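Engineer: Generate coordinates for the sequence data below:
(2 chains)
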Amino acid sequence: MKLKHLSLVLFLVIATILSLSCSKQKDDNNPITITIWHDKEDVVVDVIKQALEPLSPDIIVNFERKASLAETLKLVGNNPKTAPDMYLYAHDKIGVYAEMGILEPITNLVNPDTIKNLVPMTKTAATYKGNMYQLPIYFETLLFLYNKKYLKAEEVPSTTDDLLTYVKNKTKYGHFGYIEQHSTPYYFGPWINGFNGKVIDEKGEPCLDSKESLEALAYHLKFVKYMPDESEYATVNTLFIEGKAHTTIGGPWLIPTIKNAGIDLGIANMPVINQTGKPLTPYLGVQGFQVLKTGVQDPSKKQAIIKILEILSSEEVEIKLALASGCAPALESCYSDESIKKDEMVMAMKTTAENAVPMPNIPEMDVMWTVTGNLLTAVNMSGQDIETSAKQAQEKALNLIENMK
Amino acid sequence: MKKILTIVLIALLAISFVVAQPQEEQTSLENESDETSLSEELIDKRPDQIIVYAQVPEEWKFPCLWAWSKDGQNAFENWPGNQMIKDDNNPGWYYLYVPGFVDSVIVNANDGSIQTSDYTVEGKNSWITISNPETVSVSFDPLTGNTLPEYFQLYSVFAKVDSSWQNPNIWAWENETGKNAFKTWPGREMKKNSDGFYSMQIPVWCDSIIINANVGQIQTSDLKDIDPSSVWLTISKDATVEITYNDPTAIIVPDIKVYAKVPSTWDSPCLWAWSHPDGTNAFANWPGQPLEMNENNWYESDAPGWINSVIINGNEGSIQTSDIRVESGKDIYITVNGPDSVEFSYK
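Structural biologist: The predicted structure is shown next:
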């Protein structure tokens, strides 16, 4: 009896000491601060902030929008004082940063079941030299958009030759049958990929003067002749938003503005290229979280990042993020959700993405954006010979890649 | 014993008070939810759109309708509202479809210089008979027969004609089917505007038009394959036509100047500018437009007048301010003390 009492007293004493020591420990701890850089719209960041709120006050997450995220990271990515702990960005810079040695493999921080549940192409996009460096959250491609005021669904050209005929008939008096950012490499992607060409291959060899590239450039030029000379983002989007273009190729980031402008928007399948039988095949961009090595050096920070990634990779958050961004969720299981199934744009994105080509994530691609852009400017805007320009661009790319090494 | 009884009683009272609280809250919530669903039900009963008819005196030219809801939502952007459509089947009557939320209307004419008072229509099809601005009656029973005209969206055709073209009219049809917008040639009289253009709205299914004048004696050729979008025609004496979808009367927003002072450690400062929230960028690539030092020791750059957000950056974009929201169309003076310390003004 006495023993029973004694053990009870002892238990109470130990429990009290433990409880006091635990609460003292918590009082002594400063909150862990995690900094996330991003280049996203407020609607997307608001969803993430809301999802991470329960971590407060133990973990404080600061979001910093960086217009120059990719370039700034090259300069400060290995400096623990100035680098963020994580960043939310497209997958295409993974190779550059992995070679710089500033990224932590995401597989060290995320539950393997989450990885298994990802749409396979997002895993491919997030992987460089056998290591996965990104937790994919949602993915995006360009979509074929049309103004229902000018075309009914059944009138949307199903092939590129039909599109060209449509463009020739409808481009007049200040209206355009079809517009795109014709001299921006990302928008040339659907054409070169659709012609079975590549800007660069898996080995890092540029392919700008290949037979397929030349064919794509020549055929694309037939459309460019019916587009405005200025082809930057502002001009092209404003023309579509103001109802001055019947059709365009645009990303999900454009949709809210188009709808706010009162455009009766239609989304259609990409026209099929007559010469190859393949649809215009855009690049796939996978948006997700990358973690910097500097962010996980401190074990308590590492634990905080693991918790953050666990929340952000939940089905509920990914669905909210997909709906906010108009993109397709990276988790396969999200597609059984009714709100996702009902969303015309998200589902169109998924369908288009099935044919899309992930943007190359190798470091050599870093120089190819500029070189390809200059090639497109030479051909589309300065009227220079396609073959000569392509050869010059190829040489330039080879030189730049050699210099990188 | 008394003490214990008192304590028990107090405890019971306290428990009953605590239990009663949520019940009261719930009742009040239930009431609120009843009210909400009732008002939602009422709103739901309204049609998407209603038709407003008006019979106007002969001297009321090109009548327009101004319409709004009880909570101040206007159906149209600017006074005098949208032009009403002449009903060829009911001479003297004009009509317009408006959103179902409309509670009140004003009928006006002659460029808004003559008008009725406010009249309540409460989201119902209405027939307004106007003898003069003070003598007006509103009927919710049809006064133009039981068949309502077909609803369709409209677009505007603007025409500037040679001075020899008197009282221009528009004739419009759908080319594929030959369906006409108006009952008889020469079509609908166009309204003269202060900018020298005549205008008239036609149904969106019309892709072909003719402008004629002098009681149909002179006319353009068939203008086919016209997009259902505001279109401006300039018609010469010999009936040749120049067509554009770009408003020739539009005021072009002039460029603005952005001036900046930056810390001495910020080399080669640049301006990045865009329109929030649509994200339209003023410049193609980061870090944007280089700023140039002027004679007053301010860096400066031109930017499109429509931008409302800027970032000043330096050192090839590796250091930058946060987003600075500004008013469109105004020159801006920005003093950057550091990435997180910025002051700006418009003077």
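
Engineer: While we're on whichever residue of the stretch 1-150 of chain B sits closest to chain A, how confident is the model there?
Structural biologist: When scored by C-beta to the nearest C-beta, the stretch 1-150 of chain B has residue B:77 as its residue closest to chain A, at 11.6 Å. Glycine gets a C-beta too; all of them are placed from N, C-alpha and C. Looking at residue B:77, its pLDDT is 88.

Engineer: what's the spacing between it and residue B:66?
Structural biologist: According to C-beta to C-beta, to the nearest Å, residue B:77 and residue B:66 sit 11 Å apart.

Engineer: can you pull out the helices in the stretch 251-400 of chain A?
Structural biologist: Secondary structure of the stretch 251-400 of chain A (DSSP state H, counting those that start in this stretch): helices at A:255-260, A:299-312, A:315-325, A:338-342, A:344-355, A:365-376, A:386-404.

Engineer: Would you mind naming what in chain B lies close to chain A?
Structural biologist: By C-beta under 8 Å from any C-beta of the partner chain, the residues of chain B that approach chain A are B:204, B:225, B:227-229, B:231, B:243-246, B:272, B:277-282, B:284, B:286-287, B:304, B:311, B:313, B:316-318, B:320, B:322-323.

Engineer: Among those residues, which are located in helices?
Structural biologist: Nothing among those maps onto helices, per DSSP state H.

Engineer: Tell me the buried residues within those residues.
Structural biologist: Listed as buried from the residues of chain B next to chain A are B:227-229, B:231, B:245, B:272, B:278-282, B:284, B:286-287, B:304, B:311, B:313, B:317-318, B:320; burial here means 16 or more other C-beta atoms under 10 Å in any protein chain shown.

Engineer: returning to that earlier point: just want to know which of residue B:77 and residue B:66 has more residues nearby.
Structural biologist: residue B:66 (22 against 7; other C-beta atoms under 10 Å in any protein chain shown).

Engineer: before we move on, which element is that one in?
Structural biologist: strand B:64-68 (DSSP states H and E).

Engineer: what packs against that strand?
Structural biologist: strand B:49-55, strand B:82-83, strand B:93-99, strand B:104-109 (3 or more C-beta pairs under 8 Å, 6 or more residues apart in numbering or on different chains; DSSP states H and E).

Engineer: 7 Å instead?
Structural biologist: Counting contacts by 3 or more C-beta pairs under 7 Å, 6 or more residues apart in numbering or on different chains; DSSP states H and E, strand B:64-68 packs against strand B:82-83, strand B:93-99, strand B:104-109.

Engineer: What are the contacting residues of the shortest one?
Structural biologist: Judged by C-beta atoms under 7 Å, 6 or more residues apart in numbering or on different chains, the contacts made with strand B:82-83 from elsewhere in the structure are B:62, B:64, B:65, B:76, B:96, B:201.

Engineer: Just give me the longest strand of chain A.
Structural biologist: For chain A, the strand that runs over the most residues, judged by DSSP state E, is strand A:283-292.

Engineer: could you give the angle of it to helix A:315-325?
Structural biologist: If you take axes from the mean of the first three to the mean of the last three C-alpha atoms, to 10 degrees, strand A:283-292 sits at 130 degrees to helix A:315-325.

Engineer: Look up the closest residue to residue 267, ignoring the ones flanking it.
Structural biologist: Just going to use chain A. Excluding its sequence neighbours, the residue lying closest to residue A:267 (C-beta to C-beta, 6 or more residues apart in numbering or on different chains) is residue A:348, at 4.6 Å.

Engineer: Please refer instead to chain B.
Structural biologist: Among residues not flanking residue B:267 along the chain, residue B:315 sits closest, at 5.3 Å (C-beta to C-beta, 6+ apart).

Engineer: repeat for residue B:94
Structural biologist: residue B:84 (3.6 Å).

Engineer: again, but for residue A:66
Structural biologist: That would be residue A:37: by C-beta to C-beta, 6+ apart, it lies 4.9 Å from residue A:66.

Engineer: so who does residue A:174 touch?
Structural biologist: By C-beta under 7 Å, 6+ apart, residue A:174 lies in contact with A:244, B:244, B:245, B:246.

Engineer: can you pull out the strands in the stretch 51-200 of chain B?
Structural biologist: Here the stretch 51-200 of chain B has its strands, by DSSP state E, counting those that start in this stretch, at B:64-68, B:82-83, B:85-86, B:93-99, B:104-109, B:114-115, B:119-120, B:126-132, B:135-139, B:154-161, B:169-173, B:188-189, B:191-192, B:198-203.

Engineer: For residue B:335, find the nearest of those.
Structural biologist: Counting by C-beta to C-beta, residue B:335 lies closest to strand B:64-68 out of the strands of the stretch 51-200 of chain B; the figure is 44.9 Å.

Engineer: tell me the helices in the stretch 1-150 of chain A, going along the chain?
Structural biologist: Under DSSP H, counting those that start in this stretch, the stretch 1-150 of chain A gives helices at A:2-28, A:42-52, A:69-76, A:94-100, A:112-116, A:120-126.

Engineer: How far away from the center of its chain is the third one?
Structural biologist: Put plainly, it is helix A:69-76. Distance of helix A:69-76 from the chain centroid (C-alpha atoms, centre = their mean, to the nearest Å) equals 17 Å.

Engineer: Output the below-cut-off pLDDT ranges for the chain.
Structural biologist: All of this is about chain A. For chain A, the stretches with pLDDT under 70 are A:1-29.

Engineer: Wait, chain B was what I had in mind.
Structural biologist: Residues of chain B that meet the cut-off, pLDDT under 70, sit at B:1-44, B:277-279.
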